[in-house]
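**Q** sharing a model prediction with you, sequence too.
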Amino acid sequence: MVTGEKKRSIRRLKSMYPLRAKVNESYLKGTEALKSGKPVVWGMLNYYYGDAVLKAMDIEVVYPENYGAALAAFGVAQGYLDIADADGFPTHLCGYSRANIGYASKMMKELKGEIPADAPLGGMPKPVFLMSSTAVCDARYKWFQALGQYMDVPVWTFEAPVPGLKEFFMEGTYDRLIDMGVTHLRDFIAFVEKITGRKMDWDKFNETVDLIIEINRILHETNELRKAKPCPMHSRDFWSAMTPALMLMGDIKDSLKCYYDLYNEVKELVDNHIGAVENEKYRMVFAELPPWHSLKLFDRLAERGWNFVIESVGYHPPIPMDLSGVKDPVEKITRFSFQKFLGLYRDAKEHNVTEGALAYPYMKYVTEWKCDGALLHPLISCRSASTHLPYVANMLMEKLKVPSLTIEGDIVDLRLFDMEDAMTRAEPFEETMEHYRQVRKQEGLDW
């Protein structure tokens, strides 16, 4: 450490940095592909199975959702939000989509297809098609359809129905979902072959599917290590390290090696009782999407002893399942993709939490990671990541006597987040957490 340099409030993992670099690698490969005439795709988070096809066919893919976060983190999002506003898109629309629509508008209308000069990470080149999805978020497929007014390229939309917990377990529902997913994925492969002129390498696809499953398994095991006291891995490192598993950014074989390195580093810290925050005073869970433009919030809270030990259910790997008996790689990745929600639903059903199943994981997190409080971040521009948060707060208090602090903001729009207000509210919340520690003890809870 350089003499006089302020000591970091969060101990950052060394193994996180190569995984974070996978984001840069993906955008660099995208711009290189454009120069060499290779196809580039703009992709929507689809929980693995569309991504597996593109990886196996050696097609570069960049992710507007991730890029929206990057625009915010680099401090250049506002200009693109303003363009989307001027083009008539409402300010309550998803911040990722508004930033991306503004980016596409500037690139296509003003720059005639050239990447904007201020675009971080090399920017996103014009795609040969758009890969959308109906999973979870309201804006997903309509956002990519809206891009059609700027770019004359095809849009493929993955059907990704997520039934409620009760409906999921009705007789025959799961089998019908798998049959639909397999058929849809085969249709997508045929579509990609037609658009790009490339043929699927089925051996490589099978290998890619197995790599995806193993990457997510080892990341799941790494998160399990975070139950240790003190917790060795802060949420900031998780958010930096998760994209090669969630969106398959960068070289997938090298990513697997990096995830093994991550696991080994976290395991060593656990064995030596070293925490991400030097004096871990409060163990925290975070929900849902972080303020990418203001991640310094977590450093300032760490100075007060807040260690964020688990976070945002949407970013985490599926609960591992045995797929060794599934030989067809299309069926295997389809079952793995549906496990993202099915695993959580099974757990919720086992614990008799049949309402608000997507809120249930926070009860699991608080109980197993022994959290003192929850920081909830409702977003004006993301209904799907916000509407269940009051239910989360009520459930944690009623069932576990764990309080929640709600800090409103946005994933991209800095104007909607007040750092100083958040810090002002943190200190009295510590008194609340101390109080409920005593309440839990009186009620026989073990933390």
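**A** Good, I have the coordinates.
**Q** which residues in the stretch 101-250 of the chain form helices?
**A** Residue ranges of the helices in the stretch 101-250 of the chain, as given by DSSP state H, counting those that start in this stretch, are 140-146, 165-168, 173-196, 202-225, 235-241, 243-246.
**Q** I'd like those as a markdown table, with mean neighbour count appended.
**A** For the C-beta atoms, the positions are set from N, CA and C on the backbone; glycine is no exception. Shown next, in a markdown table, are the helices of the stretch 101-250 of the chain (neighbours: other C-beta atoms under 10 Å):
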| stretch | mean neighbour count |
| --- | --- |
| helix 140-146 | 20 |
| helix 165-168 | 16 |
| helix 173-196 | 16 |
| helix 202-225 | 18 |
| helix 235-241 | 23 |
| helix 243-246 | 23 |
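**Q** give me the mean pLDDT for stretch 133-147.
**A** Across stretch 133-147, pLDDT averages out at 83.
**Q** contacts for that stretch?
**A** Contact with stretch 133-147 is made by 42, 44-47, 50, 64, 89, 93-94, 96-97, 100-101, 104, 130, 132, 155, 157-162, 314, 382-384, as judged by C-beta atoms under 8 Å, 6 or more residues apart in numbering.
**Q** now swap in stretch 34-42 and tell me
**A** 30, 33, 54, 59-64, 124-131, 144, 147, 195-196.
**Q** for stretch 366-384, C-alpha coordinates in PDB please.
**A** Below are the C-alpha coordinates for stretch 366-384, written out as PDB (Å, rounded to 0.1, in the frame of the first residue of the first chain):
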ATOM      1  CA  VAL A 366     -31.400 -14.000   6.700                       C
ATOM      2  CA  THR A 367     -31.700 -17.300   8.500                       C
ATOM      3  CA  GLU A 368     -28.800 -19.200   7.000                       C
ATOM      4  CA  TRP A 369     -26.400 -16.200   6.600                       C
ATOM      5  CA  LYS A 370     -27.400 -14.900  10.100                       C
ATOM      6  CA  CYS A 371     -28.300 -11.400   9.000                       C
ATOM      7  CA  ASP A 372     -29.000  -8.500  11.400                       C
ATOM      8  CA  GLY A 373     -30.800  -6.400   8.900                       C
ATOM      9  CA  ALA A 374     -31.900  -5.900   5.300                       C
ATOM     10  CA  LEU A 375     -31.200  -3.000   3.000                       C
ATOM     11  CA  LEU A 376     -34.000  -2.700   0.500                       C
ATOM     12  CA  HIS A 377     -33.600  -0.600  -2.600                       C
ATOM     13  CA  PRO A 378     -36.900  -0.100  -4.400                       C
ATOM     14  CA  LEU A 379     -36.500   1.500  -7.900                       C
ATOM     15  CA  ILE A 380     -38.800   3.900  -9.600                       C
ATOM     16  CA  SER A 381     -37.900   2.400 -12.900                       C
ATOM     17  CA  CYS A 382     -38.100  -1.300 -12.100                       C
ATOM     18  CA  ARG A 383     -41.400  -2.800 -10.900                       C
ATOM     19  CA  SER A 384     -40.200  -6.400 -11.000                       C
END
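**Q** could you pull out the helices in the stretch 251-400 of the chain for me?
**A** With DSSP H, counting those that start in this stretch as the criterion, the stretch 251-400 of the chain has helices at 252-271, 296-302, 329-350, 360-368, 389-400.
**Q** point to the residue nearest the middle of this protein.
**A** Per C-alpha atoms, centre = their mean, the C-alpha nearest to the average position across the chain is that of Tyr315, at 3.4 Å.
**Q** so who does the closest residue to that residue other than its chain neighbours touch?
**A** Residue nearest to Tyr315 in three dimensions, not counting chain neighbours: Met242, with 5.2 Å by C-beta to C-beta, 6 or more residues apart in numbering. By C-beta under 8 Å, 6+ apart, the contact list for Met242 reads 219, 315-316.
**Q** gap between Met242 and Met233?
**A** Distance, Met242 to Met233, by C-beta to C-beta, to the nearest Å: 11 Å.
**Q** and the contacts of the lowest-mean-pLDDT helix or strand in the chain?
**A** Lowest mean confidence among the helices and strands of the chain (mean pLDDT, DSSP states H and E): helix 165-168, at a mean of 84. By C-beta under 8 Å, 6+ apart, the list of residues contacting helix 165-168 from outside reads 173-174, 341-342, 345, 348-349, 354-355, 357.
**Q** just those residues now: which is nearest Arg437?
**A** The closest of the contacts of helix 165-168 to Arg437 turns out to be Ala348 (C-beta to C-beta; 26.2 Å).
**Q** for Leu81, find the nearest of the helices of the stretch 251-400 of the chain.
**A** Taking those one by one with C-beta to C-beta, helix 296-302 is closest: 20.4 Å.
**Q** can you redo the helices of the stretch 101-250 of the chain as JSON lines with distance to Trp447?
**A** Output for the helices of the stretch 101-250 of the chain, formatted as JSON lines (distance: least, C-beta to C-beta, whole Å):
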{"stretch": "helix 140-146", "distance to Trp447": "38"}
{"stretch": "helix 165-168", "distance to Trp447": "27"}
{"stretch": "helix 173-196", "distance to Trp447": "35"}
{"stretch": "helix 202-225", "distance to Trp447": "17"}
{"stretch": "helix 235-241", "distance to Trp447": "19"}
{"stretch": "helix 243-246", "distance to Trp447": "29"}
